[in-house]
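**Student:** The following comprises the amino acid sequence and a computationally predicted model.
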Amino acid sequence: MNRLGFKIEVFEGDARLGELDVTPVTAFQNFRFPNNEIRIHHRTFRSERCPPLSILQAVSAFNVRCKLDSSFPVEQPALINLHASCFHEMKTAVAVVGDEELHLVAMPSKRKKFPCFWCYAVPVRLYDACMGMLNLRCLAIVFDLDETLIVANTMKSFEDRIEALRSWLSRESDPSRVQGMSAELKRYLEDRLLLKQFIETNSVVDSNGKLYQVQMEEVPSLTEQKVLRPVVRVQDRNIVLTRINPEIRDTSVLVRLRPAWEDLRCYLTARGRKRFEVYVCTMAERDYALEMWRLLDPGAHLIGSKQVFDRVICVKSGSRKSLLNVFHDGMCHPKMAMVIDDRSKVWEDKDQPRVHVVPAFTPYYAPQAETANAVPVLCVARNVACNVRGCFFKEFDENFLQRIAEVFFEDEVGSLPHPPDVSSYLMSEEVPNGNGQANAPISEGIGGTEVERRLNQPDDKLSADLVSRPMANSVEFRHETSQSTAGIVPNVTGPGSSRPLIPSQKPGLLGPPVKHDGSFIDRDYDMKKGILNMRHSPDIRGQSSAEPPLISRPPVPAYGSWLVEDDISNRTQTNNWPFAPAKESNVVKSEKHQAQQKQFSHKMEVPVSNVPLSQTPQLKAEEATSVSDFRRQNIPTKLHLSVT
């Protein structure tokens, strides 16, 4: 045994199993077990597909604390049985120390010296959660709400935006721009009228004279008290009217749902098969965020009613979003997650490579932006999610698991293979949409005084202001030169707008008042006061079996059979995807990312464009649609997420 090692007693419950020699690995020379003993708390559930070493390396790469084997002169049957049981049943023995789990992984030995284990340290609950996801071939997806999936307005925000547009129109002389602004103003006025009807009569009449009566919908609650909320759904227009606090009419909101949301939602839940675990991360107020998500997922198919309070994460305004914060309960690892957001800069630097940036949803300024291309924005997001999942599990099954199967107890920990990382298949940089500053939409919720101040600024000063202006305390600012995957076409019938650039603000309907250089804007403050009176309370955060004979290496699964039917089927179709040629530039990005974040790095060793995502004989319907949709897009390759 290594001269730096020491001996330790092993217990399972109160039963003493024997004694093992402990050799800390180089990176953890000072590691010690509490009280110089190992107390096995439980054994994990059986893994159906993935050997425990592959799961631990995927979620806690190179975090092996020590190696354990026996130099005891007499055979220790209890420890041998523990090793055999864990090895053949693909389980680990777990000792819980504070907020960490120490997993004993039964290893094969080149010298057939048993029992022998590697000890991994993993945050509590992370192993079980990720084991389930990897066995089901499931990743995590995190959605932003405002301007990504929905746009919502109260009477106060409608009035602010209408006032700002009228002020602009009074100063505008270009006929084409006047025409575009007038059309935008008309859309605001029409929706304000619908919201006014909802507030006053609990019903709405659309432009065709069709009457929609309010329906009372039950809302998930942490208390036993039943909460019903009045809702009107104008489905053919993707409009929903709701009341955040059912008892206060002034908390009424008109919500526009982004087109093609149903396509994306159905992909995530097709045939009841879970492809992604779904989370929400927003800077909106909690009651508002929960209601917006309920409108998007009325049947609680994406997030169960018992999970929604933990999976809808509200970040304090002015703070950055973080995947570690989203997965605060240890239910996923950031390397296994992707984000759908209209901005990447609001995320922590280490998470930005995992963000698929979509153009901001602007139904009033540019309603035809969603239909101007063959593939709507959220269908592109669906295709990207499909591609990321396929590439991730192809790498996991055909490369990573094969190499894990060749690892022995005697091998160096540093020789372990790098696990796949979602960021390897995403190109997260925000790129200009080609329209320039002239086509920037009117700021959501910005007041007339702020508009006038910016109208009087020269263009160069305005651009500099966008770059240098810090994030306000109560509102996010979006880079207007953000990526446009499907393209944004403003609602201007003339040659094109030259409207001055104004930083767009998320609706933040329930946020506190915001100050802008002496200009005071009450961001639906009355609504905020009413929301706090919501009725529901605040959010609250094995036996071993008969052992078969020992073998010298772990069983190698039939990897091909693990590839589920709904993945992309053949090499030719993979190579024809528009983003395949982008692999070279993304290798550079991957290497740059490795230097910044070593613990989450991974560089593909096999060029993805030359490897099929699945060996299944044919495409399933929705995946065939994904490929067809991509081919119909005549968009530069760099605007798509790639598959490094």
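**Tutor:** Now that the structure is in, tell me what you want to look at.
**Student:** Start and end of stretch 65-74, how far apart?
**Tutor:** 26 Å (C-alpha to C-alpha, to the nearest Å).
**Student:** Ok, stretch 361-370 next?
**Tutor:** 8 Å.
**Student:** same thing with stretch 260-276?
**Tutor:** Termini of stretch 260-276 sit 18 Å apart (C-alpha to C-alpha).
**Student:** Give the buried residues for that stretch.
**Tutor:** For stretch 260-276, the buried set under the neighbour-count rule, 16 or more other C-beta atoms under 10 Å, comprises 260, 261, 263, 264, 265, 267, 268, 269, 274, 275, 276. Where C-beta positions appear, they are placed from N, C-alpha and C, glycine not excepted.
**Student:** Show me the strands in the stretch 251-400 of the chain, by range?
**Tutor:** For the stretch 251-400 of the chain, the strands defined by DSSP state E, counting those that start in this stretch cover 252-257, 276-282, 312-314, 337-341, 355-357.
**Student:** So which of those is nearest residue 30?
**Tutor:** strand 337-341 (32.1 Å; C-beta to C-beta).
**Student:** Which other helices and strands does the closest one contact?
**Tutor:** strand 139-143, helix 323-326, strand 355-357, helix 377-395 (3 or more C-beta pairs under 8 Å, 6 or more residues apart in numbering; DSSP states H and E).
**Student:** go with 10 Å
**Tutor:** In terms of contacts (3 or more C-beta pairs under 10 Å, 6 or more residues apart in numbering; DSSP states H and E), strand 337-341 is packed against strand 139-143, strand 276-282, helix 323-326, strand 355-357, helix 377-395.
**Student:** Check the average confidence over the second one, would you?
**Tutor:** So that's strand 276-282. For strand 276-282, the mean pLDDT works out to 97.
**Student:** partners of it, with directions?
**Tutor:** strand 139-143 (parallel), strand 312-314 (parallel) (DSSP bridges).
**Student:** Pretty sure residue 65 sits in a strand.
**Tutor:** Yes - under DSSP: H, G, I helix; E, B strand; the rest coil, residue 65 sits within a strand.
**Student:** unless I'm mixing things up, it is touching residue 56, no?
**Tutor:** No - the criterion here is C-beta atoms under 10 Å, and residue 65 misses it with residue 56 at 11.2 Å.
**Student:** Give me the more crowded residue out of these two.
**Tutor:** For residue 65 versus residue 56, the count of surrounding residues by other C-beta atoms under 10 Å is larger for residue 56: 29 against 21.
**Student:** pretty sure that one contacts residue 123?
**Tutor:** No - using C-beta under 10 Å, residue 56 is not in contact with residue 123, being 11.7 Å away.
**Student:** so what sits against both of these two?
**Tutor:** Residues touching both residue 56 and residue 123 by C-beta atoms under 10 Å, 6 or more residues apart in numbering: residue 101.
**Student:** Now do the strands in the stretch 1-150 of the chain.
**Tutor:** 6-12, 15-24, 37-40, 42-43, 64-69, 93-97, 100-106, 116-123, 139-143, 150-153.
**Student:** I'd like the ones you listed written out as JSON lines, with mean pLDDT added.
**Tutor:** Below are the strands of the stretch 1-150 of the chain laid out as JSON lines (pLDDT from 0 to 100):
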{"stretch": "strand 6-12", "mean pLDDT": "93"}
{"stretch": "strand 15-24", "mean pLDDT": "94"}
{"stretch": "strand 37-40", "mean pLDDT": "95"}
{"stretch": "strand 42-43", "mean pLDDT": "96"}
{"stretch": "strand 64-69", "mean pLDDT": "94"}
{"stretch": "strand 93-97", "mean pLDDT": "96"}
{"stretch": "strand 100-106", "mean pLDDT": "96"}
{"stretch": "strand 116-123", "mean pLDDT": "96"}
{"stretch": "strand 139-143", "mean pLDDT": "97"}
{"stretch": "strand 150-153", "mean pLDDT": "97"}
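**Student:** where are the low-confidence patches of this protein?
**Tutor:** In the predicted model of the chain, residues 1-5, 428-644 satisfy pLDDT under 70.
**Student:** Any idea what residue 153 is bridged to?
**Tutor:** residue 254.
**Student:** I'd say it and residue 187 touch.
**Tutor:** No - the pair residue 153 / residue 187 is not scored as a contact, 11.1 Å apart, by C-beta under 10 Å.
**Student:** When these two are compared, which one has more neighbours?
**Tutor:** Legend: neighbour count by other C-beta under 10 Å for residue 153 and residue 187, higher for residue 153 (24 against 15).
**Student:** which strands and helices sit next to the longest helix along the chain?
**Tutor:** For the chain, the helix that runs over the most residues, judged by DSSP state H, is helix 175-201. Secondary-structure packing of helix 175-201 (3+ C-beta pairs under 10 Å, 6+ apart): strand 150-153, helix 155-171, strand 203-205, strand 211-213, strand 227-234, strand 239-243, strand 252-257.
**Student:** May I see the buried residues of that helix?
**Tutor:** Neighbour count says helix 175-201 has 177, 179-181, 183-185, 188, 191-192, 194-195, 197-199 buried, by 16+ other C-beta under 10 Å.
**Student:** Also compute the angle for that helix relative to strand 227-234, please.
**Tutor:** Orientation check (axes from the mean of the first three to the mean of the last three C-alpha atoms, to 10 degrees): helix 175-201 against strand 227-234 gives 140 degrees.
**Student:** now the angle from helix 175-201 to strand 239-243?
**Tutor:** 40 degrees.
**Student:** For residue 78, list the residues it contacts.
**Tutor:** Contacts of residue 78 by C-beta under 10 Å, 6+ apart are 10, 12, 15, 16, 17, 18, 115.
**Student:** Ok, residue 195 next?
**Tutor:** 153, 154, 155, 157, 158, 204, 239, 241, 252, 253, 254.
**Student:** a markdown table for the residues you listed, including distance to residue 280?
**Tutor:** Listed next are these as a markdown table, based on distance: C-beta to C-beta, whole Å:
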| residue | distance to residue 280 |
| --- | --- |
| 153 | 20 |
| 154 | 21 |
| 155 | 26 |
| 157 | 21 |
| 158 | 25 |
| 204 | 27 |
| 239 | 21 |
| 241 | 21 |
| 252 | 22 |
| 253 | 17 |
| 254 | 20 |
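**Student:** Isn't residue 409 up against residue 70?
**Tutor:** No - using C-beta under 10 Å, residue 409 makes no contact with residue 70, being 11.6 Å away.
**Student:** Who has more neighbours out of those two?
**Tutor:** Counted by other C-beta under 10 Å, residue 409 and residue 70 do not tie: residue 70 has more neighbours, with 23 against 20.
**Student:** What is the nearest of the contacts of residue 195 to residue 22?
**Tutor:** Using C-beta to C-beta, the contacts of residue 195 come closest to residue 22 at residue 253, 59.6 Å.
**Student:** Would you mark the buried spots in stretch 133-149?
**Tutor:** For stretch 133-149, by 16+ other C-beta under 10 Å, it's 133-135, 137-149.
**Student:** tell me how far the ends of it are from each other?
**Tutor:** 25 Å.
**Student:** got any residues that touch both of residue 153 and residue 187?
**Tutor:** 256, 364.
**Student:** any chance of the helices and strands packed on helix 175-201 in CSV, with distance to residue 353 too?
**Tutor:** CSV is the format used below for the helices and strands packed on helix 175-201 (distance: least, C-beta to C-beta, whole Å):
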stretch, distance to residue 353
strand 150-153, 26
helix 155-171, 34
strand 203-205, 43
strand 211-213, 44
strand 227-234, 37
strand 239-243, 34
strand 252-257, 29
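**Student:** Let me know which of the ones you listed is the nearest to residue 416.
**Tutor:** With C-beta to C-beta, the closest approach to residue 416 among the helices and strands packed on helix 175-201 belongs to strand 150-153: 43.2 Å.
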